[in-house]
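Novice: Sequence and computational prediction follow.
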Amino acid sequence: MIINDGDDDGVADENDDCPNTPTGEPVDPNGCASSQTDSDGDGWSDSNDEWPNDPSQWVDSDGDGHGDNSSGTNGDAFPDDSSEWSDSDGDGCGDNSDAFPEDSNECIDSDGDGVGDNTDIFPNTVSQWADADGDGCGDNPDGISGDQFPEDATQCIDADGDGHGDNLSGNNPDELPENPTQWMDIDGDGYGDNLNGSDADRYPIDPTQWFDRDGDGYGDNLDGTNPDSCPDTPPMSVVDGNGCSADERDSDGDGVNDNADLCPSTPSGETPNIYGCGASQLDNDGDGIPNVSDDCALTALGARVDEYGCSAAQGAVFPNDGADNGSTNSSDDGGDDTDSGNQVSDSSSSGGEGFWSGVILTFSIVIVLLALGGAVAVVTLRGKGDVADFEDDEYEGHETIGQAIHSEESANEQRWQDSNGVNWCRMEDGTYRWDGNQWIRQ
């Protein structure tokens, strides 16, 4: 018989281990409901204890299956983070996310290069992590911005790989960073001082010169110091101050070398013919008056001419000579005032001047017609009568070849030698020049 049951749970108070069981809850033989039972004795009733039989655990706040008591069985080091529960190295980073779970100094590896962010100098560059000299370039030479000089803070990049850094302000700089055979350029002309490299500067202290392809000591740059006017002089040749050997010289600069130039003093600006003679130097009729000033281009050889290149037969008037206007005026006493190269003074006769003006006009027209109708062609005369060779015996009794030639005038042929020593011959079909072997038609 139950004498006293205060909580009305059917268990007498003297036998009820839980005298305050909530009304209506089923109880065990000891008078305790599940809400009042603590099987593991951890102070948490079995109804509220997630581990009713484990006195070291009772609650799992984040529901990850690990009790909130970090020191209990299977404890949770991160009771509010369902993704973490353990921290082996105690660095505060859960083992599930700790890139270095056994290294308390590292947790994260942002670039995944195997070096923790706390140690990685370049935490966001997977190919770099260290910078021994602190110049901002990683020590891995094969990585991004790799330092080719990891122990030299003044150099980093060596684009051409010649061992000299591209930083001009650094140690041992490369002044030619795109040429692996060059690195120094003392005169700053863009050509390296290493004579064994490409684009080597043959004049390392002269910024105006760099190449000398014929090796004669004169630079190939015509605008530089001591330029070479003949850059392809044969080896071992003796050259002049222009870098030209004897066979290359062109004293008057007309484009015809001296050894082939019949007129080595052609005025600047004149276009020479193939023999190096300009217009002002040609005297086809050998009267001493250049073609450009000669109003009578076909004057007979040896005839006396006036300043316009005309003889008396061509209309010239020599008022001081009386009637002997057509002769050469060679006097018996040896005097000679009629050399083909001499000129006479102007006539003071007004009538002579009028006549002379007409002659000039007439012969000017003739010259223009001859110039328009003539063709400058080289014709080798072959066959009988076309080639006239000079024989040694032709010059006997004459002081010069010119005198010998002058003496051979005929009605149909005139020969002379001009002031340059060139022999000429005028025949019915044109004017010819002697080249030493044959007559060449002009």
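Specialist: Yep, it's here.
Novice: tell me the domain boundaries of the protein?
Specialist: Listed domain ranges for the chain are 257-281, 282-348, 392-441 (source: automatic domain parsing).
Novice: What is the distance between the shortest one and the centre of its chain?
Specialist: On the basis of CA atoms, centre = their mean, to the nearest Å, domain 257-281 sits 37 Å off its chain's mean C-alpha point.
Novice: now that domain: mean pLDDT?
Specialist: Per-residue pLDDT values over domain 257-281 give a mean of 90.
Novice: Can you point out the buried residues in it?
Specialist: Buried residues in domain 257-281, counted by 16 or more other CB atoms under 10 Å: 257, 261-264, 266, 272-273, 275-278, 281. All C-beta atoms are positioned from the backbone trio N, CA, C, and that covers glycine.
Novice: can you give me phi and psi for residue 292?
Specialist: phi -70, psi -20 (degrees, to the nearest 10).
Novice: so what's it up against?
Specialist: If you count contacts by CB atoms under 8 Å, 6 or more residues apart in numbering, residue 292 has them with 279, 280, 282.
Novice: still on that earlier bit, ok, of the domains of the chain, where does mean pLDDT dip lowest?
Specialist: Looking at the domains of the chain, the weakest mean confidence is domain 392-441, a mean of 60.
Novice: helix, strand or coil for the residue positioned nearest the centre of the chain?
Specialist: Centroid check for the chain by CA atoms, centre = their mean gives residue 190 as the closest residue, at 9.0 Å. Here residue 190 is recorded as coil under DSSP: H, G, I helix; E, B strand; the rest coil.
Novice: same deal with residue 416?
Specialist: Quick answer, by three-state DSSP: residue 416 is strand.
Novice: Does it touch residue 301 like I think?
Specialist: Yes: with contact defined as CB atoms under 8 Å, residue 416 counts as touching residue 301 (4.8 Å).
Novice: burial measure for residue 206, as a count.
Specialist: 17 (other CB atoms under 10 Å).
Novice: swap that for residue 156, please
Specialist: Under the criterion other CB under 10 Å, the count of neighbours that residue 156 has is 22.
Novice: Wait, residue 88 touches residue 95, no?
Specialist: Yes: the criterion here is CB under 8 Å, and residue 88 meets it with residue 95 at 5.3 Å.
Novice: so what sits against both of these two?
Specialist: With CB under 8 Å, 6+ apart, residue 88 and residue 95 have common neighbours residue 101.
Novice: show me what contacts residue 54?
Specialist: Per CB under 8 Å, 6+ apart, neighbours of residue 54: 40, 42, 67, 72, 73.
Novice: who wins for neighbours among those residues?
Specialist: Within the contacts of residue 54, most neighbours by other CB under 10 Å means residue 67, with 23 neighbours.
Novice: Make sure that one is actually in contact with residue 49.
Specialist: No: contact criterion CB under 8 Å: residue 67 and residue 49 do not qualify, at 10.3 Å.
Novice: Which neighbours do the two have in common?
Specialist: residue 58.
Novice: the strands in the protein, which residues?
Specialist: 413-417, 423-427, 430-434, 439-441 (DSSP state E).
Novice: next one: the shortest one to chain centre, how far?
Specialist: Shown here is strand 439-441, whose average C-alpha point lies 49 Å from the average C-alpha point of the whole chain (CA atoms, centre = their mean).
Novice: Return the set of buried residues in that strand.
Specialist: Here strand 439-441 shows 439, 440, 441 as buried, counting by 16+ other CB under 10 Å.
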